[in-house]
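Enquirer: return a 3D structure for these sequence lines:
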Amino acid sequence: MIRLTSNQRKVFEALEQAGKPIGAYAILEQTGFRGAIQVYRALEKLIDLGLAKKLESLHAYICVSQKAEIAPTAFAICDHCGHIHQLKEVREVRQLHECLAQMDFEVCRSVIEIHGACSTCASRKRNK
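Expert: Alright, predicted model coming up:
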C-alpha cells in the first residue's frame, strides 16, 4: 500500500473525482491550497508513483486507472468528444523502450499521446 501525504491524497482525490484530464489550476481551486507549488509537488510525486500521468498536449493530468508501475503507457485522445482511452502495456511501446535501452538511452518517463477520433465520433463523421 502506498502512503500519501495529505496534499498528495487531496490532489489524487481531485484527479479521481474529475474522471478526465484536469489542469493544475483547476486542481488548485478544487483543493483550496494556497499556492500552485503545493499542487505541482503533489502531482510530481503521484507521477513518480505511477498513480497519475501528465498529458502534455492537453496541459492536464489524469489519474491512472490502475497503478501502472511506471510502465510504458499510451493514450488515445478523441479530439472531438475528449474521450481518453488508456492503453497499458502496449507491445510496441515496450519494444520502443527496449530499442532505446539497446542504444544506451535510459527512459525516465514516457507518455505517448495519439490524437484522432473515437469510434463513435468517427462513425458520426462518416454518416454526415
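Enquirer: what's near enough to touch the residue nearest the centre of the chain?
Expert: In the chain, the centroid-proximal residue (C-alpha atoms, centre = their mean) is K53; its distance is 2.8 Å. By C-beta atoms under 8 Å, 6 or more residues apart in numbering, K53 lies in contact with I47, Y61, I62, V64, A68, T73, F75, V111. To be clear about C-beta, it is placed using only N, CA and C from the backbone, and glycine gets the same treatment.
Enquirer: quickly name whichever of these is closest to K128.
Expert: F75 (26.5 Å; C-beta to C-beta).
Enquirer: follow-up on the earlier one: quick one: mark the members of the contacts of K53 that sit in helices.
Expert: I47 (DSSP state H).
Enquirer: of the contacts of K53 - the most surrounded one?
Expert: With neighbours taken as other C-beta atoms under 10 Å, the top of the contacts of K53 is Y61, carrying 25 neighbours.
Enquirer: helices or strands up against the one helix or strand in the chain whose mean pLDDT sits lowest?
Expert: Every helix and strand of the chain was ranked by mean pLDDT, DSSP states H and E. The lowest is strand 84-88, at a mean of 84. Strand 84-88 sits against strand 73-78, with contacts defined as 3 or more C-beta pairs under 8 Å, 6 or more residues apart in numbering; DSSP states H and E.
Enquirer: quick one: list the elements packing against the strand it packs on.
Expert: strand 52-55, strand 84-88, strand 111-116.
Enquirer: go again with 6 Å.
Expert: strand 84-88, strand 111-116 (3 or more C-beta pairs under 6 Å, 6 or more residues apart in numbering; DSSP states H and E).
Enquirer: next structured bit after the first one?
Expert: So that's strand 84-88. Note on strand 84-88: by DSSP states H and E, the next helix or strand toward the C-terminus is helix 91-102.
Enquirer: buried set for that following helix?
Expert: V93, L96, H97 (16 or more other C-beta atoms under 10 Å).
Enquirer: cool, and stretch 4-24?
Expert: Going by 16+ other C-beta under 10 Å, stretch 4-24 has these buried residues: L4, N7, Q8, K10, V11, F12, A14, L15, A18, P21, I22, A24.
Enquirer: Three-state assignment for the nearest residue to L49 once chain neighbours are set aside, please.
Expert: Closest residue to L49 apart from its sequence neighbours, by C-beta to C-beta, 6 or more residues apart in numbering: I2 at 5.8 Å. Assigned with DSSP: H, G, I helix; E, B strand; the rest coil, I2 falls in the coil class.
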